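Visitor: dropping a prediction and its sequence here:
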Amino acid sequence: MAYGRSRDSDDEGGLDSWLERIRECDALVVYEQDDEYEVFKTVLQYFDSHGLTYALPQIEYPGGNVMPSTSKAIENAKKVLLILSQNSNNAKFSLETFLALEKCVKHDQLCLTILTLRGFERTNIAHIPMLQNATIVELDYNRQEICLEAVVKHIKEQDVTLKSVIPAGNFATGLAWSHFTGYLKIILPDIPRLIRESKTYRENPGRFVEKFFILVPRSGRAFPLTEDTRISKEDEELLLKKTVNGAPRRYSPVVYRISADNGQHHFCCAEIPSAFDTIGKVFEEILEHITPQQRANEVERFYYKLQEILNYQLNDRLGDTVEVILYDDETKDDSATASHQLLKRFSRTGATTDLPPTPKLEKKNIKNDVCLLYAECDSKYAFNVRVALQSKGKRVAKVELPDQSLHETEQRVASSAWVVLFMSTNAMSMSKSECMPLWMANLLSVSLEDNELRVIPVLIDANPSAIPDFIRWVTYISVEEDGYQDRILDIINGKAISMKALSPVGNVAYGLAWAFFMNYLKHALTDLRNRSEAKLKQISADPRKCLATLFEFIPMSGKTINKLDEIETSKYGIENFGSVGPIELMVSGVLRKFDVNMYGIYKKTYSKEPREYVKYFMGEFAAPLRTLRSMHELFAGLNNQQLAEQIKQFREEMDYILSQVTTDENHLRYVSENCKHLLYDDTKENLIDVLLKEIDRMERAQKVVIKLGTNTRARNAMREQ
């Protein structure tokens, strides 16, 4: 999208005065240059007559290029007004939109207003929840003054925080990743085998689909599929046993029978994701003021994000084993039922989906797998990456700035599927020509026009804050990371990522925390005290050496290990005593088992005497850490800095949730009393040392409480006498 020209473009005041003028204005106005006459005549004249001050990005601001100027303008503006017209239809994902959304996330303020001119369909606005929640005004030329009055009102009103319009933050994105890493990634590779080995498959040849169906109702409501009269649950259980984070886990995909009107029966494995139980309960019970549109936004974002994850080429082996079905369950016809949607998939002529999945885009005239874009000072890093990629059979082009000609550089970039951008302090200091920032802007602009993201920034010695704002929300890689070359290879092995539902990652910790609480903690902690006492008796352990507390370990790196008993110090080791006894519950019509393990911390000795256990505990690495690590390791928009921030935010969200259920729901008081989230720096501290210190602190605190309680009872007894 082109930029509006400032009427002060002949001002020689320099960059600082230019930015100061933007900060003083009520709004920054961005529009298509072809609409300049209509915007000035219709919109800006109205603003002038009604005292609204505004600024326009200049084509050439003092000392720089177009893209960086827009970035600086949006970052310094109080509010952003984006004017869209039919001339904007070919730019569905405009750079200005993403810049404004990045500002929204960074400052927790919904500072974007959209005005649509004649010929622009509202449906062309990207399905990005933050964008859908922005103020959108359609300019009705028969009611022109009323429409523009609404725009002025929205611009002048006090700042609206993101939490007030999207209380759940980036809720659905976290849920989609959580469902993938915690369940789908584990069961999908085995689904075809489990189905083919089942009795139901053998007895019903040709009528058991070798695929796992995920139903996504637009209402966001999770319900037992057997509420549908044409669906019944088979008695047979498909059982998959796996070890996850050192604990044995049982996964039992449910087999359903779907009865067609012609009397035939079909069979499949299907689910409404447990994440939807979280969406429904959080939105209905906790966020009572959320609107139907906001709920619909979260459901769509969950759908598109899950599609994006499943369609990623690294997960291609899963693609034929799963189908995600988004459907409207609130219509009045038969299409609102789960059975109708499933039977369509069984029909030879039936459509495969109501909404097409995120397309796997193909590029034309691609000659190279990747183009390396770097400054001469960073050539050794580029050389090492080029050798590593070529050893894996990748076709690699290279551009060394600023020596390569502009035309040649553009050709090599255009003919490459991916671009790796090396960024160092020296490269970024090429500020006289702003060579590196200009190329970043151009590359991102091409990504937006093609509706796919294909830029990989690689930091050498630069701080993440050195990345220009207009590209900062893109995932970056640091050469200081172990295996950074492998990460680059993983990314370019994947398809270019669709930008259909992409937005700055923002706060995914909120969704992960609520999903963890709703779908696991409140069930796993049920009757924990009695279960732990029974386990201690079974292993002949001293009950005074164990707190009735489940420790959720949160290492700041986000790295977890499969077995806790692999952790040791020079003095202590850990032994796994196994399950304290599972809790079995029906959740959304499906029987689920929730379990935790008991461990003992023993002193290391060289004698053959029985081990001396200093403490017993129940603990595990918090499951959402695996989700955050997966988002970081795959190309999901979560960089090193954001990973650390989200881990801390997750701990804070969990503490808040536990404090809320203590005061709001007395029947859930056991959750907060029996759970402790332990955040620690695993690069400096050993988990055993951290745990022993925390147990000692908690035991001393308990003694104080008991003593205070005893003294209070004694004083009360004396008063009664």
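Guide: Structure's in. What do you need? Residues are numbered from 1 along each chain as shown.
Visitor: pretty sure S339 sits against T226.
Guide: No - the criterion here is CB atoms under 8 Å, and S339 misses it with T226 at 10.4 Å. Just so you know, the C-beta spots here come from the backbone N, C-alpha and C atoms, and that holds for glycine as well.
Visitor: can you pull out the strands in the stretch 101-250 of the chain?
Guide: Assigned by DSSP state E, counting those that start in this stretch, the stretch 101-250 of the chain shows strands spanning 112-116, 135-138, 208-217, 231-237, 240-244, 247-251.
Visitor: highest mean neighbour count out of the ones you listed?
Guide: strand 112-116 (a mean of 23; mean count of other CB atoms under 10 Å).
Visitor: CA atoms only: put that strand into CSV for me.
Guide: Coordinates of each C-alpha in strand 112-116 appear next as CSV, following Å, rounded to 0.1, in the frame of the first residue of the first chain:
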residue,chain,number,x,y,z
LEU,A,112,-6.2,1.1,15.4
THR,A,113,-9.4,2.5,13.6
ILE,A,114,-10.4,1.4,10.1
LEU,A,115,-12.4,3.5,7.7
THR,A,116,-13.7,1.8,4.5
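Visitor: sheet-wise, list the partners of it with their directions.
Guide: strand 80-84 (parallel), strand 135-138 (parallel) (DSSP bridges).
Visitor: coming back round to it: for A55, find the nearest of the strands of the stretch 101-250 of the chain.
Guide: Smallest distance to A55 across these (CB to CB): 14.5 Å, for strand 112-116.
Visitor: contacting residues for K199?
Guide: Residues in contact with K199 (CB atoms under 8 Å, 6 or more residues apart in numbering) are E236.
Visitor: swap that for D35, sorry
Guide: By CB under 8 Å, 6+ apart, the contact list for D35 reads 83, 85, 87, 117.
Visitor: about what we covered before: tabulate the strands paired with strand 112-116 (a markdown table), appending mean pLDDT and distance to K648.
Guide: Output for the strands paired with strand 112-116, formatted as a markdown table (pLDDT from 0 to 100; distance: least, CB to CB, whole Å):
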| stretch | mean pLDDT | distance to K648 |
| --- | --- | --- |
| strand 80-84 | 85 | 29 |
| strand 135-138 | 80 | 32 |
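Visitor: can you list the ones you listed in JSON lines and add distance to S415?
Guide: Listed next are the strands paired with strand 112-116 as JSON lines, based on distance: least, CB to CB, whole Å:
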{"stretch": "strand 80-84", "distance to S415": "32"}
{"stretch": "strand 135-138", "distance to S415": "38"}
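Visitor: looking at the ones you listed, which is closest to E480?
Guide: strand 80-84 (35.0 Å).
Visitor: now R592. Nearest residue, chain neighbours left out?
Guide: Distances taken as CB to CB, 6 or more residues apart in numbering put L585 closest to R592, at 5.9 Å, once the chain neighbours are dropped.
Visitor: what helix or strand does the one you found sit in?
Guide: strand 583-587 (DSSP states H and E).
Visitor: how about T549?
Guide: Counting by DSSP H and E, the element that carries T549 is strand 546-555.
Visitor: rewinding a little: quick one: list the elements packing against the helix or strand that the strand holding L585 is followed by.
Guide: Counting by DSSP H and E, the next helix or strand C-terminal to strand 583-587 is strand 590-594. Here strand 590-594 touches helix 522-524, strand 583-587, going by 3 or more CB pairs under 8 Å, 6 or more residues apart in numbering; DSSP states H and E.
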